[in-house]
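Asks: Need coordinates for the following:
(4 chains)
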2 protein chains.
Amino acid sequence: MRVSSKAHYGLRMMTEFAKAYGAGPLSIAEVARIEHLPLAYLEQLASQLRRGGLVESTRGVHGGYALTRPADQISVLNVVTVIEGEVSPVECVSHGYVTGTCQREGECASRGLWMRLKQSIDAVLSQTTLAELVADQSLIDSMAPAPAEASR
Amino acid sequence: MRVSSKAHYGLRMMTEFAKAYGAGPLSIAEVARIEHLPLAYLEQLASQLRRGGLVESTRGVHGGYALTRPADQISVLNVVTVIEGEVSPVECVSHGYVTGTCQREGECASRGLWMRLKQSIDAVLSQTTLAELVADQSLIDSMAPAPAEASR
DNA sequence: ATAATTCTGACCATGACAGTCGGGATTCTC
DNA sequence: GAGAATCCCGACTGTCATGGTCAGAATTAT
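Replies: Numbering: from 1, shown residues only, chains lettered A, B, ... in the order given. Next up is the predicted model:
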């Protein structure tokens, strides 16, 4: 029951795009520098995010990526779904599940449990938007500008 | 974000033990027959469940496994944890996490999110007990004893 | 032209997952 | 005591996802 670091990286990248929203595209080279993540890997993730419709790209010298819509309209669930696929604890509760694929379907007592679990996860992830993550970050930054002298 | 079928198998095995609770040990051969799961694989899982303290074993001819406590005192979270380890979307919110391991800790805005997610998952899984799963199953069975002639 | 960028596909190493196998230890039954 | 049923354990294996790297092509600003 864990989120891949792939998705985690993707989310970090998206928060950088969110911070830069409105100020032109942000290159993944910048993201890699700020977040200390491998550039070549981010390239792949950025492509996925673009194909998923969350960002749009500009090529060439001052190119980069930018969110396709404001940060408060992109949830963490959106990001995770694009990168990891649908959140689903077991196959039989996922969206594209074909009824009858699992022959134990009729007598399966745990399916209700898994559906509750999925709903619960979806709820948490869809309630949080990139805008909130950015806001939280700013708050943290303003509270502790210099970690070594916290009580200043 | 998914539960391994390993954990799923483990849970199915545990519900069988729950059904047999109080009537002597149940062999994994029986479990394999009832649930249509590979016997050799179940052996491994059963060992893990025993080491995790959820079941106790009896060797020899009429041996098998039995829950160490009543089914209403074993949650799904107990089972999943024993088999998959602690439920934790990212390392930095797990129980044994050593403060400072993640150098981005201070400035990490998403940690709060992951903690909420973990709590949400834990809540769902710990609220459901094996006893409830068994009860749900009985309900299902009583409603549809013969699928081909449902209205009898 | 050249430098900065995105875009794409191929490649790779590692580990988890799902499962098998062989054989040993224990205990009941006859 | 022999045999059968059962748990116990470690080793092995094939497949797949993860977490990357790399080389080069396409595009665009300067």
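Asks: Quick one: name the residues of chain A near DNA strand D.
Replies: Within chain A, the positions near DNA strand D by CB under 7 Å from any atom of the strand are A:4-6, A:9, A:38-41, A:43-44, A:58-63, A:84. Bear in mind the C-beta positions are built from the backbone N, C-alpha and C, glycine included.
Asks: near DNA strand C, which of those show up?
Replies: Okay, of the residues of chain A next to DNA strand D touching DNA strand C (CB under 7 Å from any atom of the strand), that's A:40, A:43-44, A:58-63.
Asks: Give me the subset of those lying in strands.
Replies: Assignment to strands by DSSP state E places the following of these there: residue A:58.
Asks: about what we covered before: narrow the residues of chain A next to DNA strand D to those that are buried.
Replies: If you count burial by 16 or more other CB atoms under 10 Å in any protein chain shown, the buried members of the residues of chain A next to DNA strand D come out as A:9, A:84.
Asks: Please list the residues of chain A that sit near chain B.
Replies: Applying the criterion CB under 8 Å from any CB of the partner chain, the portion of chain A that neighbours chain B consists of A:1-3, A:5, A:8, A:11-12, A:15, A:76, A:80, A:84, A:87-90, A:106-110, A:112-114, A:116-117, A:120-121, A:123-125, A:128, A:133-134, A:136-137, A:140-141, A:144, A:147.
Asks: Now with 6 Å, please.
Replies: A:1-3, A:87, A:89-90, A:107, A:109-110, A:113, A:116-117, A:120, A:124, A:128, A:133, A:136-137, A:140, A:147 (CB under 6 Å from any CB of the partner chain).
Asks: Can you select the buried ones among these for me in ChimeraX?
Replies: Burial among the residues of chain A next to chain B is assessed by 16+ other CB under 10 Å; the matching ChimeraX selection reads:
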select /A:1,2,3,87,89,90,109,110,113,116,117,120,124,128,133,136,137
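Asks: three-state assignment of the closest residue to residue A:10 other than its chain neighbours?
Replies: In this structure, residue A:10 finds its nearest non-sequential neighbour in residue A:83, 4.5 Å apart by CB to CB, 6 or more residues apart in numbering or on different chains. The local conformation at residue A:83, judged by DSSP: H, G, I helix; E, B strand; the rest coil, is helix.
Asks: now chain A, which segments are flagged as low pLDDT?
Replies: A:105-107, A:144-152 (pLDDT under 70).
Asks: so residue A:68 touches residue A:57, yeah?
Replies: No - taking contacts as CB atoms under 6 Å, residue A:68 lies outside contact range of residue A:57: 10.3 Å.
Asks: With adjacent residues omitted, what lies nearest to residue A:15?
Replies: Across the structure, with CB to CB, 6+ apart as the measure, the residue nearest residue A:15 apart from its sequence neighbours is residue A:133 (5.1 Å).
Asks: isn't the one you found right next to residue A:14, touching?
Replies: No - with contacts defined as CB under 6 Å, residue A:133 does not count as touching residue A:14, sitting 8.5 Å away.
Asks: who's in contact with residue A:113?
Replies: Contacts for residue A:113 were tallied using CB atoms under 6 Å, 6 or more residues apart in numbering or on different chains; they are residue B:128.
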